[in-house]
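# build the 3D model from these lines:
(chains A and B)
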Protein chains: 2
Amino acid sequence: MAPKYKLHYFDLTALGEPIRYLLSYGNLDWEDIRYSYAQWETVKSTMPYGQMPVLYIDDKIFAQSSAISRYLAKQVGLSGKDDLENLQIDQAVDLFHDFRLKISEWFYDPIPASKAAKKDRLKEQVPFYLDKFQEIVKENKGYLVNGKLTWADIYFVAPLKYYKALMARDFLEGYPLLQELVRKVESTPPIAKYIAQRPVGDK
Amino acid sequence: MAPKYKLHYFDLTALGEPIRYLLSYGNLDWEDIRYSYAQWETVKSTMPYGQMPVLYIDDKIFAQSSAISRYLAKQVGLSGKDDLENLQIDQAVDLFHDFRLKISEWFYDPIPASKAAKKDRLKEQVPFYLDKFQEIVKENKGYLVNGKLTWADIYFVAPLKYYKALMARDFLEGYPLLQELVRKVESTPPIAKYIAQRPVGDK
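Down below sits the predicted model:
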């Protein structure tokens, strides 16, 4: 029998959103359980590792957004065709983590002097990573890996709304190939359908 | 024909070491190219994404330590037996990244006030993660996943020397199941052989 999935995450895109895109893409049987920060404080200690997203697969619980996404990608046919293609996918996903960590380490830094220094470094770091991604998409015929949709594209596109909100600007301006990749992922019918009905937040 | 592997990394364990353990474990044909920090500055701009480790598989170059390790694990028989086991492996590997990032973000923080605040948080964070790992190993009969050696164990054990050196203490004291896991991984014959002849550094 097909498993029942339950995603627990904040009422945000960020690291929950690639999981939502993948569950939608595969038309899987899933529930989208969203927490406010206040609700999260009351359940945090009950979560394995004290963090979200977590995904229930029937009654088993799993954490870690890229681990979960890799698993779901395999179930819905968005993994690579062989080990080397999976290596390319994983490489792009980890590069995205390097990129998004620069933004969130700045945004959530509680110490003003340190936060200001990080903001300054972002001026070089953001274009550094976006140049790399644009280069990869150029070499891979409009996608991150081998000219076709894989979960690397979904993992890159889905959280962007959140990171753009943190930076309060659309950092993809001036990156037409990346903008086109966003459009392609988000116009994939089951993903477009999910986006059309997802809760409207600013992140 | 079997591929020829060339690993480029610093003369450190850290994120290069799981790759070295996996290449050794599989008795693969590989070269261990080590850089001093001074040498690295001269080649940094030639590396994809400006970082190491990178692995050449014949003439193709790949970055990202966990992506490379996942690929090598598949080649040497240390992946999971099915998708769910791979999800458990990936979950443990990403938990290790969460843990090691706490240590390196503290160690490399250039701003004294921020660094001191992070050091203070480490007093809770280090036992938080080690308790989780010890719990996982307890539930999984002495390994991180399903009572048998997988690349999750290698990814956890291999970099520890480096992170212990950063903290200037053996943070596994008081965690007998984790110490036993280290012993099991490092006494695996091809890994023990590699360790016996690896360059002796303090990290």
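# what is the subsequent helix or strand relative to the longest helix along chain A?
When chain A is parsed with DSSP state H, its longest helix is helix A:112-139. As assigned by DSSP states H and E, the chain's next helix or strand after helix A:112-139 is helix A:151-157.
# so what touches that following helix?
A:18, A:21-22, A:25, A:66, A:69-70, A:72-73, A:78-79, A:88-89, A:92-93, A:96, A:133, A:143-145, A:181-182, A:184-186, A:191 (CB atoms under 8 Å, 6 or more residues apart in numbering or on different chains). Any C-beta I mention is one placed from the backbone N, CA and C, and that applies to glycine too.
# extract the CA atoms of that helix and return them as CSV.
These are the backbone C-alpha positions of helix A:151-157, laid out as CSV (Å, rounded to 0.1, in the frame of the first residue of the first chain):
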residue,chain,number,x,y,z
TRP,A,151,15.5,17.2,-7.7
ALA,A,152,18.6,19.4,-7.7
ASP,A,153,16.5,22.0,-9.6
ILE,A,154,13.7,21.7,-7.1
TYR,A,155,16.1,22.0,-4.2
PHE,A,156,17.5,25.2,-5.6
VAL,A,157,14.2,26.8,-6.7
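# tell me what the helix or strand just after it is packed against?
Next helix or strand after helix A:151-157 toward the C-terminus (DSSP H and E): helix A:160-167. For helix A:160-167, the contact count by 3 or more CB pairs under 8 Å, 6 or more residues apart in numbering or on different chains; DSSP states H and E identifies helix A:83-107 as packing neighbours.
# pull the distance from the helix it packs on to the chain's centre.
The chain centroid and the centroid of helix A:83-107 are separated by 10 Å under CA atoms, centre = their mean, to the nearest Å.
# for chain A, name the helix or strand with the lowest mean pLDDT.
helix A:37-43 (a mean of 92; mean pLDDT, DSSP states H and E).
# residues in contact with the helix or strand just after that helix?
Next along the chain after helix A:37-43, taking DSSP H and E as the criterion, comes strand A:54-57. Residues outside strand A:54-57 that contact it (CB under 8 Å, 6+ apart) are A:3-9, A:19, A:47-48, A:61-63, A:68, A:72, B:84.
# up against chain B, what does chain A have?
A:48-51, A:57, A:62-64, A:66-68, A:70-71, A:74-75, A:83-84, A:86-88, A:90-91, A:93-95, A:98, A:101, A:105, A:109-111, A:113-114, A:117, A:128, A:132 (CB under 8 Å from any CB of the partner chain).
# just the buried ones from these, in PyMOL syntax?
Selection of buried members from the residues of chain A next to chain B for PyMOL, criterion 16 or more other CB atoms under 10 Å in any protein chain shown:
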select buried, chain A and resi 49+57+62+63+64+66+67+68+70+71+74+75+86+87+88+90+91+93+94+95+98+105+109+111+114+117+128+132
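# pull out the buried members of the contacts of helix A:151-157.
Burial by neighbour count, 16+ other CB under 10 Å: within the contacts of helix A:151-157 this picks out A:18, A:21-22, A:25, A:66, A:69-70, A:72-73, A:78-79, A:88-89, A:92-93, A:96, A:133, A:143-145, A:181-182, A:185-186, A:191.
# what residue ranges in chain A are flagged as low confidence?
In the predicted model of chain A, residues A:202 satisfy pLDDT under 70.
# got the contact list for the helix or strand hosting A:P190?
Applying DSSP H and E as the criterion places A:P190 in helix A:189-197. By CB under 8 Å, 6+ apart, the residues outside helix A:189-197 that reach it are A:R20, A:Y21, A:S24, A:Y25, A:G26, A:N27, A:I154, A:V185, A:E186.
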